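In: Got a predicted structure here, sequence first:
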Amino acid sequence: MSTSFFARLAACLFIAAGGLAVTGAAAQAIDPPATHAFRSKPIPGRYIVVMKQDVADPASQAEAIVRDAGGRGHHRYGRALKGFAA
């Protein structure tokens, strides 16, 4: 391989790296940080419980946990994560 090949390769990598830096700067300019104040307040007595992924039957587990605690289940999660809201 000749020296000119390595010189061209180095030039291409330099240009590509510069392009990535410009792309990152452009992305920041397009999506600036949010300026609004996000004010979330906890709801007293409400909880979201997330179970480990190896739980075989999250629906029955959720029912048992809520029943044993004397609470009331509000929603069950089973696709993105396993868990429930109570």
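Out: That came in fine, so what should we check first?
In: low-confidence ranges in the protein?
Out: Along the chain, segments meeting pLDDT under 70 span 1-7, 9-29.
In: Helices of that one, residue ranges please.
Out: Ranges of helices in the chain, per DSSP state H, are 3-30, 58-69.
In: what comes into contact with the last one?
Out: Contacts of helix 58-69 with the rest of the structure, by CB atoms under 8 Å, 6 or more residues apart in numbering, involve 49, 51, 55, 72-73, 76-78, 82-84, 86. Placement of C-beta: from N, CA and C, glycine included.
In: Repeat that for stretch 43-56.
Out: Stretch 43-56 has contacts (CB under 8 Å, 6+ apart) with 58, 61-62, 65, 74, 77, 81-86.
In: change it to 7 Å
Out: Contact with stretch 43-56 is made by 58, 61, 81-86, as judged by CB atoms under 7 Å, 6 or more residues apart in numbering.
In: Give me the buried subset of those residues.
Out: Restricting the contacts of stretch 43-56 to buried positions leaves 58, 61, 82-84, 86, with burial counted as 16 or more other CB atoms under 10 Å.
In: biggest separation within those, which pair?
Out: For the buried ones among the contacts of stretch 43-56, the farthest-apart pair by CB to CB is 82 and 86; their separation is 14.2 Å.
In: do you know how far residue 83 is from residue 73?
Out: Using CB to CB, to the nearest Å, residue 83 is found at 11 Å from residue 73.
In: before we move on, the earlier item: quick one: which two of the contacts of helix 58-69 are the most distant?
Out: Within the contacts of helix 58-69, 55 and 72 form the most distant pair, 20.7 Å apart (CB to CB).
In: Who has more neighbours out of these two?
Out: Higher neighbour count among residue 55 and residue 72: residue 55, with 13 against 10, using other CB atoms under 10 Å.
In: I'd like the distance between that one and residue 81.
Out: 10 Å.
In: Repeat that for residue 43.
Out: In terms of CB to CB, residue 43 sits 19 Å off from residue 81.
In: Buried residues of stretch 60-76, list them for me.
Out: 61-62, 66.
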